[in-house]
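*Asks:* compute the structure for the input listed below.
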Amino acid sequence: MISESGLEFFTSQVALTRPDVVSVIPQPERMPFYDKSSKLCHHTFDQLLVHVGGSRTAVAVKPYDGVIQTGFRETLSIIAGQLSKSFADRVCLVTDRSFTRVQIFNAAMFVDF
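*Replies:* Numbering: from 1, shown residues only. All right, here's what the predicted structure looks like:
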């Protein structure tokens, strides 16, 4: 699994322990969206989870402090509202506060086995 950060790697490890996740696609294609001032922008999700049954979740992985400082939740909400259903059915934000060290350790052990 290729990851740009430790947080992305941990997120993929935790995702792979879920029985409803078939695969984790790192850094899927970038998605166009219009920001609140109607400017064309692009966003690349950190991961795309493919679930049993074919549904998909686009995952943004960000440090919690950066999410708060930049107002990323609002941006992600705008992106989610414009996201093509052919790309993903839902959007999820994961931060360093989304799981504990124990969950990360257990997920890594599970995936290793």
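
*Asks:* start and end of stretch 14-28, how far apart?
*Replies:* Terminal residues of stretch 14-28 lie 18 Å apart, using Cα to Cα, to the nearest Å.

*Asks:* now do it, average pLDDT.
*Replies:* Summarised as a single mean, pLDDT over stretch 14-28 is 94.

*Asks:* quick one: contacts of that stretch?
*Replies:* 1-4, 8, 12, 44-52, 58-59, 87, 99, 103-104, 106-107, 110-111 (Cβ atoms under 8 Å, 6 or more residues apart in numbering). All C-beta atoms are positioned from the backbone trio N, CA, C, and that covers glycine.

*Asks:* which among the residues you listed count as buried?
*Replies:* Applying 16 or more other Cβ atoms under 10 Å to those, the neighbour count classes 3, 8, 12, 45-51, 58-59, 99, 104, 107 as buried.

*Asks:* flag every buried residue along stretch 79-92.
*Replies:* Residues of stretch 79-92 classed as buried: 79-80, 83, 88, 91-92 (neighbour count, 16+ other Cβ under 10 Å).
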